[in-house]
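Build me a model:
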Amino acid sequence: MVARKIWLILILGVVLISCQQQEPEGASLSALSKEKSNKDEKKVIVMVVDSMTETLVHNGLKNGATPALSYLIDHGTVYHDLISPFPTMSVVIESSLITGTPPNKHQVPGLIWYDETNDELVDYGSTVPRTWKLGTKPVLMNGLYDLNNQDLSQKTETIYEALHQKGRTTGSVNMLVYRGPYSHEISPPPYLKQWLDLPKPLETKGPDLLALGQVIKPKVIQQEQLSDGLFNRFGINDDYSGKVAETLIKKGEQPDFMMVFFPDFDKEAHKNGPTSTELFASIDLKVQQILNAYESWDKALEETTFIIIGDHSQDKIKEKGEEAAIELALLLDPYKIAPLLDEPSSGDVVIANNHRMAYVYLSNAALDFPAVADRFAQDTRIDHVAWLEEDKLILYQVGTSGYLRITEDGKWQDRYGQRWEIEGNEAIADIHLNKETMSIDYNAYPDIFHQLFAALRSHSNPMVITAKPGYTLKTEGAPVHHGGGEHGGLHHNDTVTSMIIAGSDKQPKIRRMENLKEYFLSLYQ
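Alright, predicted model coming up:
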């Protein structure tokens, strides 16, 4: 198994090292920006920091460990109530962020989901064991091509496409989801194309400027010394992201709108837990690097609006692996989950495990959702079980009596202007119903009804299960970060993150990830 892991890593490495971009022809970004943009209009940089939370921001400010973030907050606004879509996995979040829609609209259901039509688990690149068993080529194609060019719904317009229509230049650095108006060619070496039977040519759609580690390197950075080798995750790291952003600014090639992803803290949080201020402080060095690319920090704010957001939070997982991991196969016994090497439908139940949540699909016609829900109810570490019956959401919580049945367009209104009809035990969703104002107050699950409807309508006909705080779901090939951090779930420990805005007086009206595209566009009005 160790030899297989090493061999797979080397294969992936060669593929990543060998990919090149075919950039849009014509004038430089700086020339295009001057030609198309209002000369008085500020540029925008959105920095997405994986797993940034209120605790990390607060402790960094308190300890003086984050001077750049402190400067931006002192000259701007900080919010600690930004809500991520569900499941709280990066591909889902980024899809909502750039399209302004929930999963039922953009149709990227999770990091892992089941494609019923082709009878296969779609994996955008999770773990080495899962990649090996599902197949190197399918997983590579899922992440390198299918995600942005097939799976992300063509019916949803991305921020890059919308700004292109407005005559603005755009860029994406190390974001996983980046679809835009321009074609960029990916060209692995001929022997790998033949061995993996990859299509020729292979093109992906992106913004004017697209940088994704060694996968896609635009001309403006190809002569730079970048952290993109084997031991630097081939450029999918904070050093690469910071250096690329700095280079673009110094060379006068900063797009009008640019999104930059900083992935490193997520890895540290999985390993060491989600509240390490010392590890988080390294993010501030990258923010300093970007601010230092301008004449001064004050000049940076004169020229650019900076928006720094977390993509999700992380829940602290129990120390002991056997306690932390909920073995779903044991709960479903005697029903079977097909091994990853087989067709998913060859078992009774298909599981698409997104760590602290999972989609559950029934292949055995003798099974139904209530029967499977009873199986999961045996384990008090399971939190919610949910599915749809026509247009009604059925919601159970293990350890709480009764049920909830939720329909849309009812008499109860929440903070987002959404209206719901609610029947059953409201404690299941941890909500308070204010009969005087006919309003809903959310507590531990900040947008629970909308998030569940959106996930359950994103594809086929799944059931959703989630884990209670401190626990994660275990299936074949899934990681268990016992003693560390994990996400994916519905709880506020997974879904609530922070946002810093500096350089603009405009503020977002609704602080949900799926509402930020509208806010980004408002900065150009």
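
Contacts for stretch 451-460, please.
85-87, 102-105, 107-110, 113-116, 359, 361, 386-388, 393, 395, 406, 408, 445, 462, 464, 490, 495 (CB atoms under 8 Å, 6 or more residues apart in numbering). The C-beta positions use only the backbone N, C-alpha and C, and glycine is treated the same way.

same deal with stretch 371-390?
Against stretch 371-390 from outside (CB under 8 Å, 6+ apart): 326, 331-332, 335, 349, 360, 362, 369, 393-399, 428, 452-453, 456-457, 461-468, 470-471, 489-491.

one step back: which ones among the contacts of stretch 451-460 are found in strands?
In strands, defined here by DSSP state E, the members of the contacts of stretch 451-460 are 113-115, 359, 361, 386-388, 393, 395, 406, 408, 464.

Those residues into TSV, with extra columns for distance to residue 280, neighbour count and pLDDT?
Below are the ones in strands among the contacts of stretch 451-460 laid out as TSV (distance: CB to CB, whole Å; neighbours: other CB atoms under 10 Å; pLDDT from 0 to 100):
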residue	distance to residue 280	neighbour count	pLDDT
113	30	28	97
114	35	24	97
115	37	17	96
359	31	25	98
361	37	19	97
386	33	27	98
387	38	23	98
388	39	18	98
393	36	22	98
395	35	22	98
406	37	23	98
408	39	14	98
464	31	24	98
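
from the residues you listed, which is closest to residue 245?
Proximity of those to residue 245 (CB to CB) peaks at residue 113, which lies at 31.7 Å.

What is the burial count for residue 342?
Using other CB atoms under 10 Å, residue 342 is surrounded by 11 other residues.

Tell me the buried residues within the contacts of stretch 371-390.
326, 331-332, 335, 349, 360, 362, 369, 393-398, 428, 452-453, 456-457, 462-468, 470-471, 489-491 (16 or more other CB atoms under 10 Å).

Narrow the residues you listed to those in helices?
Using DSSP state H, 331-332, 369, 452-453, 456 are the members of those that sit in helices.

Low-confidence ranges, the chain, go.
For the chain, the stretches flagged by pLDDT under 70 are 1-40, 128-129, 131-132, 187-196, 198-200, 214, 216-217, 221-235.

And it, what are its domain boundaries?
By the record's domain assignment, the chain is partitioned as 2-19+44-108+152-314+491-522, 359-479 (automatic domain parsing).

right, so of those domains, which gets closest to residue 120?
Relative to residue 120, the nearest member of those by CB to CB is domain 359-479, separated by 12.0 Å.

Between the two ends of the closest one, how far is it?
For domain 359-479, the first and last residues are 16 Å from each other (CA to CA, to the nearest Å).

residues in contact with residue 336?
329, 347-349.

which other helices and strands contact the host helix or strand of residue 204?
Per DSSP states H and E, residue 204 falls inside strand 202-206. For strand 202-206, the packing partners by 3 or more CB pairs under 8 Å, 6 or more residues apart in numbering; DSSP states H and E come out as strand 182-186.

Can you show me the strands along the stretch 301-450 of the chain?
In order along the chain, the stretch 301-450 of the chain carries the following strands (DSSP state E, counting those that start in this stretch): 304-310, 315-316, 325-327, 349-353, 357-362, 382-389, 392-397, 404-413, 419-424, 431-434, 439-442.

Against which helices or strands is the first one packed?
To tie it back to what came earlier, the one meant is strand 304-310. strand 43-49, helix 67-74, strand 76-83, strand 496-502.

Reformat these as CSV; add mean neighbour count.
Shown next, in CSV, are the helices and strands packed on strand 304-310 (neighbours: other CB atoms under 10 Å):
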stretch, mean neighbour count
strand 43-49, 24
helix 67-74, 19
strand 76-83, 18
strand 496-502, 23
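
Would you format those as a markdown table with distance to residue 283 included?
Shown next, in a markdown table, are the helices and strands packed on strand 304-310 (distance: least, CB to CB, whole Å):
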| stretch | distance to residue 283 |
| --- | --- |
| strand 43-49 | 6 |
| helix 67-74 | 8 |
| strand 76-83 | 15 |
| strand 496-502 | 12 |
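
ok so, going back, tell me which of the domains of the chain is the most buried.
Per residue and on average, the most neighbours among these fall to domain 2-19+44-108+152-314+491-522, with a mean of 20 (mean count of other CB atoms under 10 Å).

follow-up on the earlier one: which of the strands of the stretch 301-450 of the chain sits closest to residue 96?
It is, among the strands of the stretch 301-450 of the chain and with distance given as CB to CB, strand 304-310, at 12.0 Å.

okay, the angle between the closest one and strand 496-502?
Using axes from the mean of the first three to the mean of the last three CA atoms, to 10 degrees, the inter-axis angle of strand 304-310 relative to strand 496-502 is 170 degrees.

Export only the CA atoms of strand 304-310, formatted as PDB.
Output in PDB follows, covering the C-alpha atoms of strand 304-310 (Å, rounded to 0.1, in the frame of the first residue of the first chain):
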ATOM      1  CA  THR A 304      -7.700  48.500  -4.000                       C
ATOM      2  CA  THR A 305     -10.600  47.200  -1.900                       C
ATOM      3  CA  PHE A 306      -9.500  44.200   0.200                       C
ATOM      4  CA  ILE A 307     -11.900  41.500   1.200                       C
ATOM      5  CA  ILE A 308     -10.600  38.700   3.400                       C
ATOM      6  CA  ILE A 309     -13.000  35.800   4.100                       C
ATOM      7  CA  GLY A 310     -12.800  32.400   5.600                       C
END
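
Please tell me how far it is from the chain's geometric centre.
With CA atoms, centre = their mean, to the nearest Å as the basis, strand 304-310 stands 17 Å off its chain's centre.
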